[in-house]
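Participant: return atomic coordinates for the entry below.
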Amino acid sequence: MDDLYVDGLSTWVPLDLDAPASDNAEQLMQHFGTDEATATAAAGIGGIAAQLGQDDTDGTVTLAAWVRTLSDDELIPLEIAALRGVAHAGDDVSELAELLAAGDPPHGSTERGEIDTASGPAHTLRWRSVVTGTVDREIHEDNAVVWLRPDRGYAVVLSCHSVDLVSAVSLPGALHQLAAGVHGL
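Facilitator: Prediction:
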């Protein structure tokens, strides 16, 4: 995957997974401004990017990440998407879908589809889960685009988690737009 690149990034801002949190925050502030709200959001996003860049212990490799913003000129983060390589030799997305949705109890069934991308056809998955906190129960939504590569023993997953079901309404289309521009898988 040395030729991996992504184009068509409207409202998706790439994050540098090899950089310290402060460097990502600085890059975001250079693009969006240095007011207090932007600086606070940039620091939080920088910290998340630094965590995503750390070595995964479960056999997954994070290849790239982006923050989705409300607009191209203001840093109001909506979600963070991560592109990961996952050890998976199967050619059926059902097993991987169950693995991705494992953890919290499901809320409804997983929606599945397919899209065309610059890296070939991909599967789309959308599911909701019930997350129980100390006081409340919340419904969260996850979306994923999956490229299966059974001949190579892995799958590539572009995924995004949302705790805001209002912004999640536009997430599948935005994630599919991001996935369509992924080249080199």
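Participant: looking at this, residue 158 is in a strand?
Facilitator: Yes. Counting by DSSP: H, G, I helix; E, B strand; the rest coil, residue 158 is found in a strand.
Participant: what about the nearest residue to it once chain neighbours are set aside, which SS state?
Facilitator: Nearest in space to residue 158, with sequence neighbours left out and distances taken as Cβ to Cβ, 6 or more residues apart in numbering, is residue 145 at 4.4 Å. For every residue, glycine as well, the C-beta is placed using N, CA and C. When classified by three-state DSSP, residue 145 comes out as strand.
Participant: what do you get for residue 95?
Facilitator: Secondary structure assignment for residue 95 (three-state DSSP): helix.
Participant: let me know the pLDDT of residue 137.
Facilitator: Looking at residue 137, its pLDDT stands at 85.
Participant: how is this structure carved up into domains?
Facilitator: The chain resolves into domains spanning 8-84, 88-185 when parsed by automatic domain parsing.
Participant: could I get those as JSON lines with mean neighbour count?
Facilitator: Shown next, in JSON lines, are the domains of the chain (neighbours: other Cβ atoms under 10 Å):
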{"stretch": "domain 8-84", "mean neighbour count": "17"}
{"stretch": "domain 88-185", "mean neighbour count": "16"}
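Participant: ok so, going back, what's the spacing between the residue nearest to residue 158 and residue 156?
Facilitator: 9 Å (Cβ to Cβ, to the nearest Å).
Participant: cool, residue 169 as well?
Facilitator: 26 Å.
Participant: repeat that for residue 112.
Facilitator: Taking Cβ to Cβ as the measure, residue 112 falls 17 Å from residue 156.
Participant: on the pLDDT front, check the closest residue to residue 181 other than its chain neighbours for me.
Facilitator: Closest residue to residue 181 apart from its sequence neighbours, by Cβ to Cβ, 6+ apart: residue 8 at 3.8 Å. On pLDDT, residue 8 comes in at 73.
Participant: over to residue 70?
Facilitator: 89.
Participant: what residues are up against it?
Facilitator: 11, 76, 78 (Cβ atoms under 8 Å, 6 or more residues apart in numbering).
Participant: I'd say the first one and residue 72 touch.
Facilitator: This points to residue 11. Yes. Counting by Cβ atoms under 8 Å, residue 11 touches residue 72, with 6.1 Å between them.
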